[in-house]
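1. Can you look at this prediction? I've put the sequence above it.
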Amino acid sequence: GQQALEKAGFEVQTVHVAQEQLASYLNKNKVSALLVRSATQVGKDIIDACPDLKLIGRGGVGMDNIAVAYAREKGLHIINTPAASSDSVAELVFAHLAGGVRNLHEANRLMPLEGDVHFKTLKKSFANGTELRGKTIGIIGFGRIGKAVARIALGVGMKVIYNDETSPSEPIEISFYDGRSVRFDLETVPFEDLLAQSDFITLHVPAQKKPVIGAAEIEKMKMGAALINTSRGGIVDEIALVDALEAGKLSFAALDVFTSEPKPEIQILMQPGLSLSPHIGASTAEAQERIGEELARQVIHLLQAQQSTAGL
Ligand code: NAD
């Protein structure tokens, strides 16, 4: 991405700037394109304070850290790379899922501490794993990532059901390495049916005002089901989640995103039934490449007429 921008005549600065120094940095360097991920807040204050800004780009999907409507009102270009990391998030879902059904999240915590003295005890407690093949996965939110999860799940031999009101039926094409492909036609199921029928539930909806899964929804899930949230913190009620893990209603759960990110609650971090990752869903080497190239393509297309500085 950087090479493409430089080839097109842009000066690229790749620096870490503290949030409180962002406006003065942008002004001092006359930055016209600001490219950020999820951590940098680009609110009205930054937009008002930086008259040179012509474009704000988000490497990734969710734009909740950018005052999008306000920036557009002011005539700025707002771009993102929604499709670049769908497969990366979907693979992380399966990393958590395949680990969870074999208790790897717990084994990885306990083996370094007790593996030498209590090997047989650990073997006994973690030898009750289950398999993914033949199980039902319920996908809430059937957009780019939801569909990428469905492709892997179908490949693994799972039954896939989904709930998404805006997407009543969807063809899913699974492409194989040798050019062959297989098509599945899936239909949305009512939310309550998905809760009741799924062995595993994974969430792929945008940020919401209130949790999609709370105590009442967990109550309707199968005994021993598992829940995975790689979408946004707050979409699963974390208190209800911990209660359900402690009560044995859920066999395990996985979180890549947290209500109180970047300082997840200690009760979440210390909960043995949780497989945890620090919001790395989109962060693979391949996705970084795709994101960089896609942002560069759009910046060049939108700003090439002007000799600009792209600050990343
Ligand atoms: P998308 O817009 O392609 O799909 C979202 C889907 O959710 C849409 O089809 C929409 O109709 C549906 N939806 C919205 N509200 C719903 C509800 N209450 N119930 C059922 N369906 C609902 O988005 P995407 O690219 O698939 O991304 C999904 C989520 O993943 C976003 O929240 C995004 O921020 C998050 N994400 C996380 C990471 C990570 O690092 N963990 C990386 C990328 C994206």
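-> That came in fine, so what should we check first?

2. For burial, what's the neighbour tally of Ile137?
-> By the other C-beta atoms under 10 Å criterion, the neighbourhood of Ile137 contains 27 residues. Using the backbone N, CA and C atoms, a C-beta is placed for each residue, glycine as well.

3. and the helix or strand where it lies, C-alpha only, in CSV?
-> Ile137 is located in strand 136-140, with elements delineated by DSSP states H and E. This file holds the C-alpha atoms of strand 136-140, laid out as CSV (Å, rounded to 0.1, in the frame of the first residue of the first chain):
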residue,chain,number,x,y,z
THR,A,136,-25.1,-26.9,14.2
ILE,A,137,-23.6,-23.4,14.1
GLY,A,138,-26.0,-20.4,14.4
ILE,A,139,-24.7,-17.2,12.8
ILE,A,140,-26.3,-14.0,14.0
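
4. What strands flank that strand, and is each parallel or antiparallel?
-> When sheet partners are counted by DSSP bridges, strand 136-140 sits next to strand 159-163 (parallel), strand 200-203 (parallel).

5. That strand and the ligand in contact?
-> Yes - using C-beta under 6 Å from any ligand atom, a contact is recorded between strand 136-140 and the ligand, made by Ile140.

6. That strand: what's the following helix or strand?
-> Heading C-terminal from strand 136-140, the first helix or strand you meet, by DSSP H and E, is helix 144-156.

7. Rounded mean pLDDT for that following helix, please.
-> Averaging pLDDT along helix 144-156 yields 97.

8. does Lys30 really touch Asp52, like I thought?
-> Yes - with contact taken as C-beta atoms under 8 Å, Lys30 and Asp52 are classed as touching, separated by 5.0 Å.

9. Those residues of the chain touching the ligand, which are they?
-> Neighbours of the ligand within the chain, by C-beta under 6 Å from any ligand atom: 60-62, 82, 85-86, 89, 140-146, 163-164, 166-167, 204-207, 212, 230-232, 256-257, 279, 281-282.

10. How about residues contacting the strand holding Ile137?
-> The contact list for strand 136-140 (C-beta atoms under 8 Å, 6 or more residues apart in numbering) reads 146, 149-150, 153, 158-164, 191, 194-195, 197-205, 212-213.
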